[in-house]
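Chemist: Give me a 3D structure for the following:
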Amino acid sequence: MKIIIIGAGFTGTQLAKRLIAEKNDVVLIDSDEKTVRHASNRLDCMVVQAKGNSLQVLEEAGISKADALIALTESDELNMITCSMVDSVYPKVKKIARVRNYDYYADAVNAQAGQCRLYGIDEMVHPDVEATRAIVSAVEHGAVTDVIQFNNSSYELTCITVEKGSRLSGVAVQNIRKMTSKKFLLAFLERETKATLPIGSTVLEAGDRIGILTEKNNLSEFFELCGSKMIELKKIILVGAGRIGTIIAEQLIQKKSQNVIEKLFGIRKKNNQRFVIVDNDDNRAKIASEKFPEAIVYNFDITEEGFIEEESLQNYDLVITATNNHELNMVTAAYLKNMGISKTICLVANESYAAIARKLDIDVAIPIKNAVVDTIMSHLRGSGVSAVHSVSDGNLEIAEVEIPVNSKITGKPLREIAVPGAFLAMLIHKAQTEAYIIPDGNTTIDAGDKIIMIIECEQSRQILEMLGVT
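Modeler: Numbers count the residues shown, from 1 in each chain. Take a look at the predicted model:
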């Protein structure tokens, strides 16, 4: 594919890096000289210093032959206007815009529900919404780790840390099956920020993070094997009542997510007094108090000495730190964990910060910029790919792929299409039976089946093409 990216900040650079690794033709455009110089030194693609909202610049960059335009500048209006301009001349180019104004995003979602496109934009991506989805999912799963769900499947991919002295520490992957009767698949292993597809002889070490695919009801057993345990979250503290904090509170408190609250707290929303919001800004705290009467709202600095003990917050089950200061989120989460709060979730800028957060014993770190890149990659995969998730800063990616009728692999067993070390088929949704199964080498692939697979990013494009996805 030929893809033009406008905006060479962190998100633009990370997205370009992922796309280049798949041998795509990428052009990166930014008007800032220093940013362009930095990107040029890091990326093996054309980097242009120019204004991306100029049609002449875009035509010189090859927009007429491009498959997609992705607008990632700091200006929502510039991103939308650029997409609209391109749509008026080159309507077949897929247009994706990042926006930070929630009203723009909400309007686009409502328009899509009515099968309309606003401003000629095919997909609008909001960083706060993507981060909130990940945080709410983590809360629903007990804040034990990162969890990836697959539509209506009973299976989940859960990332668990192997603790020192646990039963899995020092055990070879091929021997884990002797330790449990539950059906599972070990999908990946992350060691020192590098993720790989494990083989049978791989020996697990304390500190490794492993991706376990199994049914939801089996998770507690695998946590015990890794030296962890799941607890029921009855009392939650949310630090930060800004944009992201407000969306999180809406998802966890308000009527449309009442089933989540009842599941977590065991009581109905109107009687809930176990959700606490803390913000040190007077105005944000006042707005939160009016918007969420079900919650207890404190206008206070949560790290101020004596506040935790005075309000008995150290006895709460979970703290979510979701302010705009990502470094402060990490420090606050680590501090409150040390004060006695059982589980911690913090919002961070990117996967590098997430790795640091995990070393600080923070249970779940949500990298907001990587979440945006994942969403954009999903939109670029084509109609046959329904979702993309990155693992370990993009070393591996998880794709949900629907096998088309004209695919050359239909009717073949997995062992005949296997590429050792390149991908692993984790789960297959059989079109005929509507059932999800963990496949083996004899499992036959049929048209309409959906394969959930983990792929080495550098070989992602070739693997998808082999499956018949364009």
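Chemist: what's the nearest residue to Lys337 if we skip its chain neighbours?
Modeler: Leaving aside its sequence neighbours, Lys337 sits nearest to Thr344 (Cβ to Cβ, 6 or more residues apart in numbering; 4.9 Å). C-betas here are computed from N, CA, C, even on glycine.
Chemist: wait, what's in contact with the closest residue to Gly245 other than its chain neighbours?
Modeler: Closest residue in space to Gly245, ignoring its immediate chain neighbours: Ala322 at 4.8 Å, by Cβ to Cβ, 6+ apart. Ala322 is in contact with Ala131, Ile135, Leu238, Val239, Gly240, Gly242, Ile244, Gly245, Ile248, Asn329, Cys346, Leu347, counting by Cβ atoms under 8 Å, 6 or more residues apart in numbering.
Chemist: per-residue confidence for Ala322?
Modeler: Ala322 carries a pLDDT value of 95.
Chemist: coming back round to it: from the contacts of Ala322, which ones fall inside strands?
Modeler: Leu238, Val239, Cys346, Leu347 (DSSP state E).
Chemist: Quick check: phi and psi on Glu416?
Modeler: phi -80, psi -20 (degrees, to the nearest 10).
Chemist: again with Asn338
Modeler: phi -70, psi -30.
Chemist: neighbours around it, how many?
Modeler: 12 (other Cβ atoms under 10 Å).
Chemist: separation between the residue of the chain positioned farthest from its centre and Lys343?
Modeler: Within the chain, Glu310 marks the point farthest from the mean C-alpha position, 36.1 Å out by Cα atoms, centre = their mean. Separation of Glu310 from Lys343 (Cβ to Cβ, to the nearest Å): 22 Å.
Chemist: which of the contacts of Ala322 tops the neighbour count?
Modeler: Result: Leu347 is most packed of those (other Cβ under 10 Å), 33 neighbours.
Chemist: Pull the contacting residues for that residue.
Modeler: Applying Cβ under 8 Å, 6+ apart, the residues near Leu347 are Ala131, Ile135, Ile244, Thr321, Ala322, Thr323, His326, Asn329, Ala365, Ile366, Ile368.
Chemist: Pretty sure Glu232 sits against Lys343.
Modeler: No. Checked against Cβ atoms under 8 Å, the pair Glu232 and Lys343 is beyond contact range at 10.6 Å.
Chemist: joint contacts of these two?
Modeler: Joint contacts of Glu232 and Lys343 (Cβ under 8 Å, 6+ apart) are Gly142, Asp317.
Chemist: Neighbour count for the two, which is higher?
Modeler: Lys343 (23 against 10).
Chemist: Okay, and the beta partners of the more buried one?
Modeler: Leu318 (DSSP bridges).
Chemist: Report the separation between it and Pro420.
Modeler: 38 Å.
Chemist: excluding its backbone neighbours, what's nearest the most centrally placed residue in the chain?
Modeler: When Cα atoms, centre = their mean is applied to the chain, the residue found nearest the centroid is Ala371 (4.2 Å). Spatial nearest neighbour of Ala371, excluding adjacent residues (Cβ to Cβ, 6+ apart): Glu130 at 4.1 Å.
Chemist: Point out where the stretch 351-470 of the chain drops to low pLDDT.
Modeler: Regions of the stretch 351-470 of the chain meeting the criterion pLDDT under 70 cover residues 382-388, 392-394, 470.
Chemist: whoops, the chain was the one
Modeler: For the chain, the ranges with pLDDT under 70 are 143-146, 151, 193, 254-273, 382-388, 392-394, 470.
Chemist: mind giving me the domain split of this structure?
Modeler: 2-124, 131-138+232-371, 145-225, 381-467 (automatic domain parsing).
Chemist: where along the stretch 51-200 of the chain do the strands fall?
Modeler: Remark: strands assigned in the stretch 51-200 of the chain by DSSP state E, counting those that start in this stretch are 68-71, 94-98, 123-125, 146-149, 155-161, 184-191, 194-196.
Chemist: out of these, which comes closest to Ala435?
Modeler: Of all those, strand 155-161 sits nearest to Ala435, with 11.1 Å by Cβ to Cβ.
Chemist: Pairing partners for that closest one, with directions?
Modeler: Short version: by DSSP bridges, strand 155-161 pairs with strand 146-149 (antiparallel), strand 209-215 (antiparallel).
Chemist: Comparing these, which comes out most buried?
Modeler: Neighbour counts (mean count of other Cβ atoms under 10 Å) averaged over each of these peak at strand 209-215, with a mean of 22.
Chemist: Just the C-alphas of it, formatted as PDB.
Modeler: Output of strand 209-215 as PDB, limited to C-alpha atoms (Å, rounded to 0.1, in the frame of the first residue of the first chain):
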ATOM      1  CA  ARG A 209       5.000 -11.700  30.800                       C
ATOM      2  CA  ILE A 210       3.100 -14.400  29.000                       C
ATOM      3  CA  GLY A 211       0.000 -14.300  26.800                       C
ATOM      4  CA  ILE A 212      -2.400 -17.000  27.800                       C
ATOM      5  CA  LEU A 213      -5.400 -17.800  25.600                       C
ATOM      6  CA  THR A 214      -8.100 -19.700  27.500                       C
ATOM      7  CA  GLU A 215     -11.700 -19.500  28.500                       C
END
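Chemist: mind listing what Val348 touches?
Modeler: Here Val348 is in contact with His326, Asn329, Met330, Ala354, Ala357, Ala365, Ile366, Pro367, Ile368 (Cβ under 8 Å, 6+ apart).
Chemist: change it to 7 Å
Modeler: For Val348, the contacting residues are His326, Asn329, Met330, Ala354, Ala357, Ala365, Ile366, Pro367, by Cβ atoms under 7 Å, 6 or more residues apart in numbering.
Chemist: Please look at the second one and Val319 and confirm they touch.
Modeler: No. Look at Asn329 against Val319 with Cβ atoms under 7 Å: they stay out of range, at 10.2 Å.
Chemist: quick revisit: so what touches the host helix or strand of the residue nearest to the centre of the chain?
Modeler: Assigned by DSSP states H and E, Ala371 belongs to helix 368-380. Outside helix 368-380, the residues that touch it by Cβ under 7 Å, 6+ apart are 10-11, 14-15, 18, 68, 70, 96, 98, 123, 125, 127, 130-131, 134, 347, 349-351, 387-390.
Chemist: State the phi and psi torsions of Pro293.
Modeler: According to degrees, to the nearest 10, Pro293 has phi -60, psi -20.
Chemist: again with Asn299
Modeler: Dihedral angles for Asn299 - degrees, to the nearest 10 - are phi -100, psi 90.
Chemist: That one: what's it in contact with?
Modeler: By Cβ under 7 Å, 6+ apart, the neighbours of Asn299 are Asp279, Asn280, Asp282, Ala285.
Chemist: now do Val57
Modeler: Ile29, Ala50, Lys51.
Chemist: Quick one, which of the residues you listed are buried?
Modeler: Ile29, Ala50, Lys51 (16 or more other Cβ atoms under 10 Å).
Chemist: The last one: what's it in contact with?
Modeler: If a contact means Cβ under 7 Å, 6+ apart, then Lys51 has Ser31, Val57 as its contacts.
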